[in-house]
Every structure is written in structure tokens, then in C-alpha cells.
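Asker: Requesting a structural model of the entry that follows:
(chains A, B, C and D)
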Number of protein chains: 2
Amino acid sequence: MDNKKTPLYKQLKQGIIQKIERGELKPGDALPPERELAESFEMSRMTVRQAISELVNEYILIRRHGSGTFVAELKIPHGRRLKSFSEDMRARGLLPGSKVLEKTIIAEPPASIIADLRSEGKLLMLKRLRLADLYPLAIETVMLPIEKFNNLESRIFENESLYRILEDEYNIKITKAQQKVEVRMPTPQESELLEINYTVPVFHFKQITFDQNDEIFEVAHSVYRGDRYEIETEIYS
Amino acid sequence: MDNKKTPLYKQLKQGIIQKIERGELKPGDALPPERELAESFEMSRMTVRQAISELVNEYILIRRHGSGTFVAELKIPHGRRLKSFSEDMRARGLLPGSKVLEKTIIAEPPASIIADLRSEGKLLMLKRLRLADLYPLAIETVMLPIEKFNNLESRIFENESLYRILEDEYNIKITKAQQKVEVRMPTPQESELLEINYTVPVFHFKQITFDQNDEIFEVAHSVYRGDRYEIETEIYS
DNA sequence: TTCGAAAATTGATATATACCAATCCCCTTT
DNA sequence: AAAGGGGATTGGTATATATCAATTTTCGAA
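Answerer: I've put the predicted structure just below:
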């Protein structure tokens, strides 16, 4: 993990996230004190603080002055916070997982995708089976304009959050998404991958995601099992 | 401004916010470079960065490496407004309609509703078929604690907005709602009322609605045809 | 004039240090 | 055993400095 390209504080951040996702750190657990982390990872306390600060901003950790830093309790849905699959699962107390089904470069994207992305270049298509507690929950197909994300395909591994890679490696901050949700019956291929009977309906999410410059950087289609998933939202007038 | 109690970086943060609010800094405008701010406000650059970092996290400023720091473009306040069925239909260019199926007083509400409403009294149950351009689109079941709404049952007529009655006659203002959305197959009764084949899946919305005092005043269940309805949302992080 | 390389500018990462402030915890006193 | 005081622990604020990396600007060569 001593990659010279990735900043130190991001490496620490990743390490902490992994410990949480592996269950080595559970909600309510205390992190080692900042001074201790600094010493054991051989970095300055300021650098440790930068890693922790970002995690606090993402509601993953909580700081208590004089007391310590703790893994955040799983909470009621964060209003309408935009969540990645991993965050969503964690918030529901489930272990997120992922299995890459397809990773392809599409030279000539279909017209509907071009219209959504407002760009005509080549696409990276990433199709993943999403797991919750090791059982299939969703099929997610993400399409990204390849020219914006150099060498992205080689950085994608199983069980790693795509959004985190985009944020940490390409400095993309997700700010907004437009989403349409339909309900329909699964295709034969979908019901096989999701391991459901053909009589179980599915959610079909169609999402367009915007970065901090209000540019579209992703079009995603997700198909969720209707028998094991429900949407929770809080709406304001 | 040299208040010894408030941290330096917060003072700077406040100052920047005020300049934006007064219009001295407009969306798209560049802030002075960090080194310059540090010098003119007589603080270290790290302190300046802390102030700016918090504003970046709040999407008030945007940093561009090598270029500068800028005031963020205005966000659209809220993508997800709480809409009544009528508003929702009109926004989609459809003519809303309504047909009362049942209007009953329930003396002994089921446990699940008591838990949601946090009140044990009698309920008014109102079950309506919702129409879009005169065709059935949804079945909506609303439950209200009768003691809060004296004589409400006699004021409900066809094709009148329940929310409007509550607001005008009982001074209830809707502020917030929690919603869960499931997908499932319709019951025989539902498919008959909605005039759909038994193979067409439906959305099932379960909503708890809060008034201006954060008190729950309504529990609603709605079943929407999956072949003629889709959810559209805009999500922010 | 146009292209491209070099320089300047600006934010990003990282270290070392100092002291303040809230909380915790142990030990003394009652 | 309970209450209180006071030091130890832990996060919070602030400075000074150095170097890297992305972008913009400048300016010379073609």
C-alpha cells in the first residue's frame, strides 16, 4: 500500500474504511488517539487529522473533544444524502460486496447514452453484481466517458467502491444525481443473476450523476430485487 | 473582529460568507489566493486553508488546483418537494381525479398503525382510487387520528384535496414525510381496481407525515400501477 | 501569427511544534 | 461510599516551512 502516487492521508483513510468494512471496527468503537496513529503509521499528526477529518465529513467517524474518535452509529437514513451502494448497505447493517460481470470499452455508444452523457466519446462500461451479506441484491451497470478517467479500468477491482476511486484518484466529487425509478418484471438473465423467481418484480433505477462542476460524469442503470430491497426517503415541503 | 473566543479560522469563514451574502462576491468569482489571504488577514496559510476547506465541504466554495478558489454556482434549493397527488399529476401534465372507495371510522386500529402514529385513539380511514386523465393510477389509503380532526369525515368530498382541507380548516402544515417504497405484485382486489393484469407489478408507498410541530398526523399507504408510473427524483449529497 | 516550452501562480500534501480546551480517571478527602 | 480536585488524555486551534502538482501566463521560436 506504499504507493508513491496516492497521498499518505488517503492511504490511512482507505485503511480505516477497510477496517470498518471488514468488521474490525464496529459502530461505537473508538479509534486509536491521533498521536498514537501518527506514531504507528509514521506520519505527522496533522496528516492523520486530515484523513480523519474527511471521514468525519462523510459521517463515517465522529470526533468527541477530550474523549476520542469513534465509528459513527448506523443511523436513520441521512435525509436525502446521495449514497453509494456500499454506504447504503452499511447504513442498513449489511455487508456490501461486488462481483464484476463485465468491464468493456464501448467504441460506439448507443444514442440514448450519448444523449444522457452529452458526450460522444468512448465509454467504459462496468457491469457488476452487487451483494448484500454475500447474497445477490442488484445488477448495476455504470457507463463513464473513458477520456475523463485515464487508466480507470485497470484500477477497478472486486469489492472496491467505484465512487471512492473516482473521488480519491480523479478528484471527482459527486454533488447531484437525477434518478428515475421504474418497477418491472426481470428479464430471464436478470432473474438468473439475482437468483430470483421470474414472478418477483424488480426496481429499475436510471441515474445521471453530476460532479462538482455540474458536468455529467456517469450514467448508471441498476436493477434491484424487489423482495429484498426497499427505498427509504425523507421528504420535505 | 478580534474576538478572542471565536477561532481565527471561523472568523475568516464568517467574513467570506458575509461577502457572499452581501453580493460582494458572486457565484463564479475568484477568491484571493490562499497566500494572499494569509498575509492580508495576518494568519498562517494553514489557518486560511481550514476556513476554506469547511466552506468547500459545504459546497459554498470550489477549489480548482492550479487555478484558484471560486464561489460555487447556486444550487437549486430542493429537488424533492413534497407533492400531493394532485400536484404530482399536474406537474406531469395529467388531469388528477379521485373516487372515494371507503370512509370508515376504525375503533380499534391494528398494532402496526398504532406504532406508526404513536397514538391509540380511533382512526378515520379514507380509501380513494386515484385517477390520471380519468384512468385509474393508484389506490391511496389514508389514516388520521380522528380526535385531532373534529368532524373531518363530513367535510370530505370527491375530487377535493385532503391536504387542502387539513391546511385550511385545521391549520395543519405539512413539513416532512418519511417514506418507504416497496415493489410487489398486486393483490387480486388491487389489480381489479387498477384495471391491470395480475402480471403487472406495483409500487407500494408507505408514508408517515409530520406537521409543523413534528407530530405525526397521518399514515398513508399508496399502491401505484407499475406500468404507468415512475418516480423522478433529484438527490444531493 | 501560432505553437510550444518554460516560468509563474495557485492549490495539495506533508512535517514539526506549541499550546488551548473538553473529557476522563484516579486519588484524596469527607 | 460519595464527592471533589487535579492531573493525564484526547481532540482543537494555530504557526512556520518545504515541496509537489495542476493550471495559467508569458514569451520566444517557427
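
Asker: tell me the contacts of the residue of chain A at minimum distance from DNA strand D?
Answerer: Chain A approaches DNA strand D most closely through A:Pro33 (3.3 Å), counting by Cβ to the nearest atom of the strand. All C-beta atoms are positioned from the backbone trio N, CA, C, and that covers glycine. By Cβ atoms under 8 Å, 6 or more residues apart in numbering or on different chains, the residues touching A:Pro33 are A:Gly68, A:Thr69.

Asker: phi, psi of it?
Answerer: phi -60, psi 160 (degrees, to the nearest 10).

Asker: Next one: it, what pLDDT does it get?
Answerer: With respect to pLDDT, A:Pro33 scores 95.

Asker: quick one: it and A:Glu230, what's the gap?
Answerer: According to Cβ to Cβ, to the nearest Å, A:Pro33 and A:Glu230 sit 40 Å apart.

Asker: A:Thr199 too?
Answerer: The value you get for A:Thr199 to A:Glu230, if Cβ to Cβ is used, is 18 Å.

Asker: how about the residues of chain A that lie near chain B?
Answerer: Residues of chain A lying close to chain B (Cβ under 8 Å from any Cβ of the partner chain) are A:53, A:57, A:80-82, A:171, A:173-185, A:199, A:201-203, A:212-214, A:226, A:230-237.

Asker: Got a ChimeraX select line for the buried ones in these?
Answerer: Restricted to buried positions by 16 or more other Cβ atoms under 10 Å in any protein chain shown, the ChimeraX selection for the residues of chain A next to chain B reads:
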select /A:53,80,82,173,174,175,176,177,178,179,181,182,183,184,185,201,202,203,212,226,230,231,233,234,235,237
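
Asker: Which of the residues of chain A next to chain B fall in strands?
Answerer: Of those, the ones assigned to strands by DSSP state E are A:174-184, A:202-203, A:231-236.

Asker: Give me the below-cutoff pLDDT ranges for chain A.
Answerer: A:1-4, A:74-82, A:117-120, A:157-160, A:236-237 (pLDDT under 70).

Asker: any chance you could map the helices in chain A?
Answerer: A:8-21, A:34-40, A:45-57, A:85-91, A:111-117, A:152-155, A:162-170, A:188-194 (DSSP state H).

Asker: Go through these and pick out the most buried.
Answerer: helix A:85-91 (a mean of 20; mean count of other Cβ atoms under 10 Å in any protein chain shown).

Asker: Name the nearest residue to whichever residue of chain A sits closest to chain B, sequence neighbours excluded.
Answerer: Residue nearest to chain B within chain A: A:Pro201 (3.3 Å; Cβ to the nearest Cβ). Nearest residue to A:Pro201 in three dimensions, chain neighbours excluded: B:Pro201, at 3.3 Å (Cβ to Cβ, 6 or more residues apart in numbering or on different chains).

Asker: Equivalent analysis for A:Pro188, please.
Answerer: A:Tyr198 (7.1 Å).

Asker: what's near enough to touch that neighbour?
Answerer: A:Met185, A:Pro186, A:Pro188, A:Ser191.

Asker: Using a markdown table, lay out those together with distance to B:Pro96.
Answerer: Converted to a markdown table, the contacts of A:Tyr198 look like this (distance: Cβ to Cβ, whole Å):
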| residue | distance to B:Pro96 |
| --- | --- |
| A:Met185 | 28 |
| A:Pro186 | 32 |
| A:Pro188 | 38 |
| A:Ser191 | 35 |
